[in-house]
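> please work out how this folds:
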Amino acid sequence: MYIADFLNTQMAAQVRLLLDDTYQFLLDPDKESRLQRMGKKTNPMLLSQYKLMDEFIPLEFSDDPDVLTYLIKQNLAIASVISVDGEVVSTSAGSLIKLDGDFFKLAIAHNWDEKKQEQMLKFRRMLPGNISQTFIDMLFGSVADLQPRVIKLANVLTWQVLQSGQVSYTDPRTGVTAKLTYNVTNDQFPSALTGTSKWDQYTTANGLQDIEDHLLNYYDRRGYYPDRIVMSNRLLIHLSRQESTRNRALAMGMLSNVPTAGVASAVSLEMLMKVIPQLAMSQTQVEVYDAQYELETAPGQTVKGRYLNDDSYCFLTGNMGKRLFGPTIENEGKSGLFVLTEQLLTSPPRDRSYCVGKMVPFFPQPELLGGRKVA
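Take a look at the predicted model:
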């Protein structure tokens, strides 16, 4: 009604510009520089949640409806020896493997109820210059928030794959469950540590050995090591407090003595950052990641969620995957994040602004995945 009409006519150009700017911000891997060029304040905490996704699993949009359906299995086996006058041996260049699961349609909407319609009607009866800027900012802010909220959900689903090799997410609003499995093996995602092996058991756990064994298995599978191992600050602290970590640092010459009896053993986090890349001579760097998002469990009630669980770590490798968005009916068969403000009801008057996208965490080589629950 009034709000839909206002946003779709009088403010249409400004809304389109706002949505385009937001879309380009979400696509830009260097978000901090982009904000600085626009003269806007940067928020390190806000930007941190995008950093690793943008670097290792960037956003990509495709209008091909079938591109979401299949993973690619490459054939990288070495060549064959043939005789001088022999035929060249042919082999498969690769194959397509159908995903075991459905695509995910991600959506969020803001409803404009009768009370806000009354406010809009009152403002429209005033001179244009008297329309409350605060009210306009609220409308614009609500529309601008839609696309990032869809991307954050895409990030949640992607982090699930990184930690477990699958998506298993039940939406608290709709009750719809998103499930998707990838062709991964047990050595990529070993069983969770239990009992005295858990990393919070400082006298018995051997976290560095756990990581080193996992890295060696990764190398045996791929022929190279992952670029990063990502974990929470809590996990890194657990690792630093383990006696086995202290003993490893001592053996590597990073510590000069052993604490006396009764003194808690701990290796500094800075020292630990130097120890881990030397495991299996992998040069795999440690990245601490504690970004959170808000999850609405009931109308008006939210809780904090973590993209990466604080009891698990995972591996990241360059070019390992994409957050792939495909075409939607709402967007007339084109990909992207479709945003629309429309009238829902005339009585009671209700409009809504919504955003929808069709997405899958796309990992063409699932063998690059790896992670484990360790605490």
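> just checking: what are the partner strands of the strand ranked longest in the chain?
If you go by DSSP state E, the chain has its longest strand at strand 349-362. In the sheet, strand 349-362 lines up against strand 104-112 (antiparallel), strand 322-326 (antiparallel), strand 338-346 (antiparallel) (DSSP bridges).
> looking at the protein, which helix or strand does the model trust least?
The helix or strand of the chain with the poorest confidence is strand 94-98; it has a mean of 48 (mean pLDDT, DSSP states H and E).
> circling back to that earlier point, deepest of the strands paired with strand 349-362, which one?
Counting by mean count of other C-beta atoms under 10 Å, strand 322-326 has the highest mean neighbour count of these, with a mean of 23. Any C-beta I mention is one placed from the backbone N, CA and C, and that applies to glycine too.
> what residues does that one touch?
With contact meaning C-beta atoms under 8 Å, 6 or more residues apart in numbering, strand 322-326 is reached by 53, 57-65, 67-68, 103, 151, 154-155, 158, 335-337, 357-362.
> re the thing from before, from the chain's centroid, how far away is the longest strand of the chain?
18 Å (C-alpha atoms, centre = their mean, to the nearest Å).
> residue 112 touches residue 354, doesn't it?
No - in this structure, residue 112 is not within contact of residue 354 by C-beta atoms under 8 Å, at 11.2 Å.
> so what sits opposite residue 326 in the bridge?
Under the criterion used (DSSP bridges), residue 326 bridges to residue 358.
> hmm, back to that, turn the strands paired with strand 349-362 into a markdown table, columns for distance to residue 2 and mean pLDDT.
A markdown table is the format used below for those (distance: least, C-beta to C-beta, whole Å; pLDDT from 0 to 100):
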| stretch | distance to residue 2 | mean pLDDT |
| --- | --- | --- |
| strand 104-112 | 8 | 87 |
| strand 322-326 | 32 | 92 |
| strand 338-346 | 9 | 88 |
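> helices - which of the contacts of strand 322-326 land there?
Within the contacts of strand 322-326, residues falling in helices by DSSP state H are 53, 151, 154-155, 158.
> just give me the closest of the residues you listed to residue 293.
The closest of these to residue 293 turns out to be residue 155 (C-beta to C-beta; 7.7 Å).
> low-confidence stretches in the chain?
1, 67-103, 124-132, 256-265 (pLDDT under 70).
> partner strands of the helix or strand hosting residue 313, with direction?
Taking DSSP states H and E as the definition, residue 313 sits inside strand 312-316. Counting by DSSP bridges, the strands paired with strand 312-316 are strand 228-231 (antiparallel), strand 371-373 (antiparallel).
> quick one: contacts of the longest one?
Right, strand 228-231. Applying C-beta under 8 Å, 6+ apart, the set of residues contacting strand 228-231 is 52, 56, 162, 211, 276, 284-289, 308, 312-317.
> so which residues of this protein form helices?
2-5, 12-27, 31-37, 44-56, 114-124, 133-144, 146-164, 207-222, 233-241, 243-251, 269-275.
> give me whichever of those helices is most buried.
Highest mean neighbour count among these (mean count of other C-beta under 10 Å): helix 146-164, a mean of 22.
> residue contacts, the residue most central in space within the chain?
Per C-alpha atoms, centre = their mean, the C-alpha nearest to the average position across the chain is that of residue 155, at 2.9 Å. Residue 155 sits next to 49-50, 53, 293, 307, 323 when contact means C-beta under 8 Å, 6+ apart.
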